[in-house]
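A predicted structure for the sequence below; I have some questions about it.
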Amino acid sequence: MLLVAGLAPTWAMAEAPAIGAEASPPADLASLSIEQLMDVEVTSVSKRPQRLGNAAAAVYVITQEDIRRSGMTSVPELLRMVPGLNVAQADSRHWAISSRGFNGIYSTKLLVLVDGRAVYSSTFAGVYWDVQDMPLEDIERIEVIRGPGGTLWGANAVDGVINIITKSAEDTQGLLVSAGGGTEAPGIGMARYGGKLSNHAYFRIYAKGFKRNSFDTLAGPSANDSWSQGQVGVRVDWTPSSDDKVMAQAEYYGQTTNGDFLLPNLALPPGTVTPVVEHDNGGHVLFDWRHRFSDTSDFSLQAYYDRAASSEFTYKTDVDTYDVELRRRFVAGRHDIVLGAGYRLVNYTAEVNHPYLAITPSHQRLETFNGFAQDEIALTDALHLIAGAKVEHTSFTGFEFEPNVRLSWRVSADHTVWAAVSRAVRTPAVIEERIRFDIEADPGPPPLVVSAFGNPGQKSEQEVSWEAGYRSMLAPGLSLDAAVFYSRYRDLASAELGTPFVAPTPLFHLVLPVFYGNVLRGETYGGEIAANWQATSRWRIMASYTRLNVKLKSDSPFLAPQAQPNSAGSSAQNQFQIHSFLSLPWRTELDAALYHADGIKDGNVPAYTRVDLRLGWRPTDRIELSLVGQNLLDPRHPEAGPPFFRAPTEVPRSVFLKAAFGL
């Protein structure tokens, strides 16, 4: 489903340009009307610029104006506003984010990119949302695709793609300083400076840091999961000619997180809490070159190196990723063709120092080769057929094939209908094939340990999805967007009980094994509908509703509920949200959001409704003050089940005050 968003009255934006930046160019998303935003170019659907209103996919765009007026302080929080996404905070640093079912802490079927760089971890099957931090002021837009995107983006883009696109250095000139604090985040600060290297080259540098408080557990005491992080980065944009654009960026982060773990250990009384301090650090270097041969022909090369290291008293891991991709696009008659090829190497090393966990072998080398092609055929000026496929070869599962066929029909200037059939896969991660870890321990009698074992023969999860959508401008200033989908899955990751056996160490005990496998199959179906209404020149309202049904089946009588990677009840069946953006006199803004999500039976999470409010004031073009209240309806509530070995927590009511100053 596509929904235009992030709109502000043109008069308001002309009065208050972006803080710490040069005057916004005419294409600035923040200054566009709802009708104009339909013509904005997006790139995530086809890996080429295309009109957002014609995209044959369920696309949503979060603009910089949305980000500013949301009052949110992190990327996961921003994603709450996307219709069709299930976003739930599990504790202070963990989020569960998914599209169209199968929600979980690490978003196993959702591919996330930052400027085209994949931040999905192939070693752990998911996204570490806590380290996906960046100055929110530097984000140009976030493009969210719900539904398969494997044809162009590859494995793990099963139920969606999130592409975070940052601003060029040229658009972030000058000095910007922001700082804030509140009940949940006592300190968040950022300083950014953009300068000019030559008439054709620009740069920006930044430093950012924060500290976040602990959440409380359902039982009442603190979860002791406070954390802090610091990050620095630099970006250079160079235009050596009118047909070439070169971008290079580098970032480094370090964070310290705390937590009370309930580690399974027969030598300790049940419920014993083990305080754990984890240290994470890493960063990346990215290079991107784009050459334009003509208005309908171009070439791009992107390469990056990414490193992530994590350590605490039970383990230490190091992950190095090398990635390169070539893309070629050209038009031949009525054919708009995109071709590409890529290679990725992941080196993973684990050092385990605790008996509850083992990874064998300790070093893994994962290689992925891929090639893709997609052709958009203009059958008529209004009717377009898109067909493509991606072929990948991975170290674990060999060849994978991910085709798709899409049809877009522009019935009139204001009405578009689209449909799609796609196949996508999620390849197994290192931990699913090589890990052994204890899930539960019971001192008995008899002493019993439930242990999970990886499966070297783990298969890829497979999906075939049918989608259809309709979008229109019903009236000036009023847009409507709807999508329906039906997806079938097979070889879903599962866990089965094995035959118990006796282990003599560290204490004589019985082991109940749980083996990872692929015995689940299922289906999801539902729909999403959203509307965006510019009620007056000062007031915009956005509302959406999502319905999701998930059904899982298995012929195995030995499923182990303690370690199921997928669950029919892991995502809310019904979700509703409404946003109001009101521009008041004296350069004041009052923004509100209401979210409602059904309860999650399998996660013991009741239904909840939350309200967020923001009061903003821009006394000058270079100063902004804002006061934000989140989750105002109740003191605290749970939104998701806990990560392994942690007690469930509740999201608290919070208040946050922020000030930004630019030169």
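Alright, I've got the coordinates.

Now do the SS call for Pro456.
Secondary structure for Pro456, judged by DSSP: H, G, I helix; E, B strand; the rest coil, is coil.

What is the burial count for the closest residue to it other than its chain neighbours?
Excluding the flanking residues, the one nearest Pro456 by Cβ to Cβ, 6 or more residues apart in numbering is Glu433, at 5.3 Å. C-beta: built from backbone N, CA, C; applies to glycine. Residues contacting Glu433 under the criterion other Cβ atoms under 10 Å number 17.

With the one 10 residues further on instead?
Using other Cβ under 10 Å, the number of residues around Pro443 comes to 15.

wait, is Arg69 part of a helix?
Yes: assigned with three-state DSSP, Arg69 falls within a helix.

Contact partners for it?
Going by Cβ atoms under 8 Å, 6 or more residues apart in numbering, Arg69 touches Ala8, Phe581, Glu589, Asp591, Arg614, Gly616.

go again using 10 Å as the cut-off
Neighbouring residues of Arg69 by Cβ atoms under 10 Å, 6 or more residues apart in numbering: 6, 8, 30, 63, 540, 579, 581-583, 589-591, 593, 614, 616, 626.

so which of these comes closest to Gly230?
Comparing these against Gly230 with Cβ to Cβ places Ser626 closest, at 23.2 Å.

OK, contacts around the closest one?
Contact partners of Ser626, counting by Cβ under 10 Å, 6+ apart, are 68-69, 71, 180, 589, 591, 614-618, 656-660.

now do 8 Å
Ser626 is in contact with Gly71, Arg614, Leu615, Gly616, Trp617, Leu657, Lys658, Ala659, counting by Cβ under 8 Å, 6+ apart.

Val405: neighbour count?
That count, for Val405 with other Cβ under 10 Å as the rule, works out to 15.

Could you say which helix or strand holds it?
According to DSSP states H and E, Val405 maps onto strand 398-412.

got the buried residues for that strand?
For strand 398-412, a neighbour-count test (16 or more other Cβ atoms under 10 Å) marks Glu400, Glu402, Pro403, Asn404, Arg406, Leu407, Ser408, Trp409, Arg410 as buried.

Make a markdown table out of these and add pLDDT and distance to Phe313.
Converted to a markdown table, those look like this (pLDDT from 0 to 100; distance: Cβ to Cβ, whole Å):
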| residue | pLDDT | distance to Phe313 |
| --- | --- | --- |
| Glu400 | 94 | 38 |
| Glu402 | 94 | 41 |
| Pro403 | 95 | 47 |
| Asn404 | 94 | 46 |
| Arg406 | 94 | 50 |
| Leu407 | 95 | 55 |
| Ser408 | 94 | 54 |
| Trp409 | 95 | 59 |
| Arg410 | 92 | 59 |
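
For those, give me JSON lines that also has distance to Glu325.
Output for the buried residues of strand 398-412, formatted as JSON lines (distance: Cβ to Cβ, whole Å):
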{"residue": "Glu400", "distance to Glu325": "17"}
{"residue": "Glu402", "distance to Glu325": "16"}
{"residue": "Pro403", "distance to Glu325": "19"}
{"residue": "Asn404", "distance to Glu325": "19"}
{"residue": "Arg406", "distance to Glu325": "22"}
{"residue": "Leu407", "distance to Glu325": "27"}
{"residue": "Ser408", "distance to Glu325": "25"}
{"residue": "Trp409", "distance to Glu325": "31"}
{"residue": "Arg410", "distance to Glu325": "31"}
